[in-house]
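In: Sequence and predicted structure, then a few things I'm wondering about:
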Protein chains: 2
Amino acid sequence: MDGLSEDLPSVPSDTLRWISAEYYGLNGGHYDILESPPSPVEFSRICHISRPVLIKGYVIPSLQRWSDQYLIDTMGERPLSVAATPNGYADAVTHNSDGKRYFAEPHYQNLTMRSLLSSLESPSGSNNHEGDIYYLQSQNGNLYPSSYFTPGDTEGGCELVNLRGDVPAEVPWCSEALGRCPDAVNLWIGDSRSVTSIHSDPYENIYHVARGSKTFLLLPPTESWCLKERMYPHATYGRESEGSPLLLKPSPSTIPPVRWSSILHPEQPGSLPETSHPIIIRVEAGETLYLPAGWWHHVRQSGLSIALNWWYDIEPRGPAWVWLRLLRGVAVAAAEGEEADG
Amino acid sequence: MDGLSEDLPSVPSDTLRWISAEYYGLNGGHYDILESPPSPVEFSRICHISRPVLIKGYVIPSLQRWSDQYLIDTMGERPLSVAATPNGYADAVTHNSDGKRYFAEPHYQNLTMRSLLSSLESPSGSNNHEGDIYYLQSQNGNLYPSSYFTPGDTEGGCELVNLRGDVPAEVPWCSEALGRCPDAVNLWIGDSRSVTSIHSDPYENIYHVARGSKTFLLLPPTESWCLKERMYPHATYGRESEGSPLLLKPSPSTIPPVRWSSILHPEQPGSLPETSHPIIIRVEAGETLYLPAGWWHHVRQSGLSIALNWWYDIEPRGPAWVWLRLLRGVAVAAAEGEEADG
């Protein structure tokens, strides 16, 4: 799925346990909180340390005007590709009615900004009639795709182009620290019914909450082996016909199985092994999380939540990529017959 | 010896081989050459990548006046603690007349700058009468010791204090990049008869050649397992009486054995395993090498060679320390009965 998990080595469990104990012994569960954004050289040091940091005071002034009405007026009738699920779990391991567990991708549905916002919970909001749960989480650079940053590339369509004037294409202190542009910039709009299942990305991630709050449960890459990854058959939500309920449809066997954590609810006590050391960080509106490449994250949100993220490619030179692949190198069984928690 | 090699894990050979092949596949044998010193943020990125970089144009103007006469006049009769060996190998595995191999520390002898320089080779130089080979390589912060940088510490004696006015205590772009002061600053004076055996240090190292040249043979930390470390009994050179020849004296058994590479001449073809990928960098007068923490280095020099180095502590947070210890985690046998090359 992410390039990291192909052709992994077979690393003995003892070695992975030694690494994670040693790493925790040196680093503990600490994370830094900055009262103002770092300078480029400070942020470069932070990326070298590669631990999460909560950054306050990174103000994006134009986001002040992002009322519902402003977003609706600015986006007009442009269709947005919104993830729809019956349970709020898009891209997650899901029990199906056939008794098996699948890696379930959401149904993508076109909605206007007005329809999306009115379906999300808020003091005065109302839900959609079908009971489906919507989450704008297209993750394809819906504000600035990769092609935007690639000289000579022709940029394809971008759903949220009308909001670009409010969102800087780059985080200056991050671009200067890393010496490169982002790979993609995304807008996320959802509510507390949508949860992001625990996973990791091979990107340095700057995650800014504009409205509501997000609660991240984080594990370092050294604790990858605690996540009990398994191979799950692939499935996608869909409808028999327009307006009918969402059903999970197993994909043809030509679609390869997906490697994913079998721990569905790491936030619940007892779900994670005792040898793991999750860090919980709640990111409030106006705050920014530096989420280092390869860190595992499970994300919940409160209220109607609007967030932005800038993904920057991981440093390809040096040891970082090898380190992350090594730490994923635990033998992974097929999910068949396995028991996941929750 | 260095803190890194205590309580190492036992990492299977397959895992270490996978890591080194993967690292070499991504990084190759390339090193960057900069035509001028990096900015702090550029150097921070370089430290994150942790590969050697040859830096030109880092000029320390006061070194222009370091003629032999200037050094002699400035140091006067102050005694310098100089390593003396019969063969130019201080801190190296050495065959002794008893047929065994030892990790041999040099004899330290007090010399004036005048005596040291006159013993070293130069177009008009002469060697000392005994045939001993001298190398000023005291490595204890002979210009600025650790205590100099530690607020509240009382600084002990420093042999080269008279030359401090010519040598900055810090490399500004390195201190700013790392966010800290050096741990120690050293002066090195020797000639082509002195060789530094292959080893690694847990320090970021800025190595500047003021006169002559130094040739570094480098291996990345991922190839630690290629160095065939063994445990060697400890010995020290000494004299029976003043003026008598240097003899290697095995230390009492209460002195613990020393873990050291059994490859004595990695520069000779066929000495290193074919799976290793040494990088050779010749650093000329006026040039500076960034030698990243944990990189193995074997150093030769040409002519009368004068160099400075600034050691900065490795970043203690994040994965760097664990990574280096993991890569040293190969089972190491005692040297007894083993065959070293050369």
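Out: Received it, and whenever you're ready, just let me know what you need.
In: and the residue in the stretch 151-300 of chain A that chain B sits nearest to, how many residues sit next to it?
Out: Residue nearest to chain B within the stretch 151-300 of chain A: residue A:179 (5.6 Å; Cβ to the nearest Cβ). Backbone N, C-alpha and C define where each C-beta goes, glycine included. Residue A:179 has 14 neighbours, counted by other Cβ atoms under 10 Å in any protein chain shown.
In: Quick check: it vs residue A:22, distance?
Out: When distance is defined by Cβ to Cβ, to the nearest Å, residue A:179 is 30 Å away from residue A:22.
In: got it, and residue A:277?
Out: Residue A:277 is 13 Å from residue A:22, by Cβ to Cβ.
In: Overlap of the contact sets of the two?
Out: Residues touching both residue A:277 and residue A:22 by Cβ atoms under 8 Å, 6 or more residues apart in numbering or on different chains: none at all.
In: where does residue A:223 fall, helix, sheet strand or coil?
Out: helix (DSSP: H, G, I helix; E, B strand; the rest coil).
In: An error on my part: the question was meant for residue A:23.
Out: helix.
In: residues contacting it?
Out: A:220, A:222, B:319, B:322.
In: Endpoint to endpoint, stretch A:53-72 covers what distance?
Out: 33 Å (Cα to Cα, to the nearest Å).
In: contact partners of it?
Out: For stretch A:53-72, the external contacting residues (Cβ under 8 Å, 6+ apart) are A:31-38, A:46, A:112-114, A:117, A:122, A:163, A:165-168, A:171, A:208, A:210-211, A:281, A:283, A:286-290, A:306, A:308.
In: nearest spatial neighbour of the residue of the stretch 151-300 of chain A closest to chain B, skipping sequence neighbours?
Out: residue B:45 (5.6 Å; Cβ to Cβ, 6 or more residues apart in numbering or on different chains).
In: re the thing from before, please report how far the residue of the stretch 151-300 of chain A closest to chain B lies from residue A:67.
Out: Taking Cβ to Cβ, one finds residue A:179 at 37 Å from residue A:67.
In: residues in the stretch 201-342 of chain A within reach of chain B, list them.
Out: Contact residues, the stretch 201-342 of chain A versus chain B (Cβ under 8 Å from any Cβ of the partner chain): A:221-222, A:315-323, A:325-326.
In: got it, and the stretch 1-150 of chain A?
Out: A:9-12, A:14-15, A:18-19, A:22-23, A:26-27, A:40-42, A:44-45, A:47-51.
In: Give me the buried subset of these.
Out: Buried subset of the residues of the stretch 1-150 of chain A next to chain B (neighbour count, 16 or more other Cβ atoms under 10 Å in any protein chain shown): A:9, A:11-12, A:15, A:18-19, A:22-23, A:27, A:40-42, A:44-45, A:47-51.
In: What are the buried residues along stretch A:207-218?
Out: For stretch A:207-218, a neighbour-count test (16+ other Cβ under 10 Å) marks A:207-214, A:216-218 as buried.
In: Could you list which residues are in contact with the most centrally placed residue in chain A?
Out: In chain A, the residue lying closest to the centroid (Cα atoms, centre = their mean) is residue A:196, at 6.4 Å. Taking Cβ under 8 Å, 6+ apart, we find residue A:196 in contact with A:90-91, A:137, A:297-300.
In: For residue A:238, what are phi and psi?
Out: Backbone torsions for residue A:238, taken as degrees, to the nearest 10, come to phi -160, psi 180.
In: Could you look up the SS state of residue A:42?
Out: Under three-state DSSP, residue A:42 falls in the helix class.
In: count of residues packed around residue A:238?
Out: Neighbours of residue A:238 (other Cβ under 10 Å): 15.
In: what's the helix or strand for residue A:235?
Out: Using DSSP states H and E, residue A:235 maps to strand A:234-239.
In: Of all the residues in whichever helix or strand comes after that strand, which ones are buried?
Out: Using DSSP H and E, the next helix or strand after strand A:234-239 towards the C-terminus is strand A:246-250. Neighbour counts over strand A:246-250 (16+ other Cβ under 10 Å) mark A:246, A:248-249 as buried.
In: quick one on the thing from earlier: contacts for the strand holding residue A:235, please.
Out: Defining contact as Cβ under 8 Å, 6+ apart, one finds that strand A:234-239 is touched by A:84-86, A:94, A:96, A:102-107, A:245-251, A:255-258.
In: Sketch out the strands for the stretch 1-150 of chain A, chain order is fine.
Out: Here the stretch 1-150 of chain A has its strands, by DSSP state E, counting those that start in this stretch, at A:32-34, A:53-55, A:80-85, A:89-90, A:92-95, A:101-105, A:107-111, A:133-135.
In: Just say helix, strand or coil for the spatially closest residue to residue A:203 that is not a sequence neighbour.
Out: Take residue A:203 and drop its neighbours on the chain: the residue closest to it by Cβ to Cβ, 6+ apart is residue A:311, 4.1 Å away. Classification of residue A:311 using three-state DSSP returns strand.
In: how near is residue A:311 to residue B:199?
Out: Per Cβ to Cβ, residue A:311 is found 40 Å from residue B:199.
In: These two - which one has more neighbours?
Out: Using other Cβ under 10 Å as the criterion, residue A:311 and residue B:199 rank with residue A:311 on top: 22 against 18.
In: Flag the shaky bits of the stretch 201-342 of chain A, pLDDT-wise.
Out: Within the stretch 201-342 of chain A, the stretches with pLDDT under 70 are A:335-342.
In: give me that answer again for 90
Out: Across the stretch 201-342 of chain A, the ranges flagged by pLDDT under 90 are A:242-243, A:329-342.
In: residue contacts, the closest residue in space to residue A:184 that isn't next to it in sequence?
Out: Spatial nearest neighbour of residue A:184, excluding adjacent residues (Cβ to Cβ, 6+ apart): residue A:141 at 3.4 Å. Residue A:141 makes contact with A:147-148, A:158, A:183-186, according to Cβ under 8 Å, 6+ apart.
In: swap in residue A:114?
Out: Contacts for residue A:114 (Cβ under 8 Å, 6+ apart) come out as residue A:72.
In: Could you do residue A:314 as well?
Out: A:202-204, A:293-294, A:320-321, A:324.
In: repeat for residue A:74
Out: If a contact means Cβ under 8 Å, 6+ apart, then residue A:74 has A:113, A:162-163 as its contacts.
In: Identify the bridge partners of residue A:301.
Out: Assessed by DSSP bridges, residue A:301 has beta-bridge partners residue A:214.
In: And for the residue nearest to residue A:21 when sequence neighbours are not counted, the neighbour number?
Out: Computed as Cβ to Cβ, 6+ apart, the closest residue to residue A:21 that is not its neighbour in sequence is residue A:275, at 7.7 Å. The tally of other residues near residue A:275 (other Cβ under 10 Å) stands at 12.
In: so residue A:275 touches residue A:20, yeah?
Out: Yes. Residue A:275 lies in contact with residue A:20 (Cβ atoms under 8 Å); the separation is 7.0 Å.
In: Contacts only, for the closest residue to residue A:155 other than its chain neighbours.
Out: Spatial nearest neighbour of residue A:155, chain neighbours left out: residue A:147 (4.6 Å); criterion: Cβ to Cβ, 6+ apart. Contacts for residue A:147 (Cβ under 8 Å, 6+ apart) come out as A:141, A:153-156.
In: Who wins on neighbours among those residues?
Out: residue A:141 (22 neighbours).
In: measure it to residue A:153 for me?
Out: Separation of residue A:141 from residue A:153 (Cβ to Cβ) stands at 12 Å.
In: swap in residue A:45?
Out: Distance from residue A:45 to residue A:153, by Cβ to Cβ: 32 Å.
In: Likewise for residue A:96?
Out: Residue A:96 sits 39 Å away from residue A:153, going by Cβ to Cβ.
In: Ok, residue A:54 next?
Out: 34 Å.
In: low pLDDT regions in the stretch 1-150 of chain A?
Out: Counting by pLDDT under 90, the stretch 1-150 of chain A has low-confidence residues at A:1-10, A:121-131, A:138-140, A:150.
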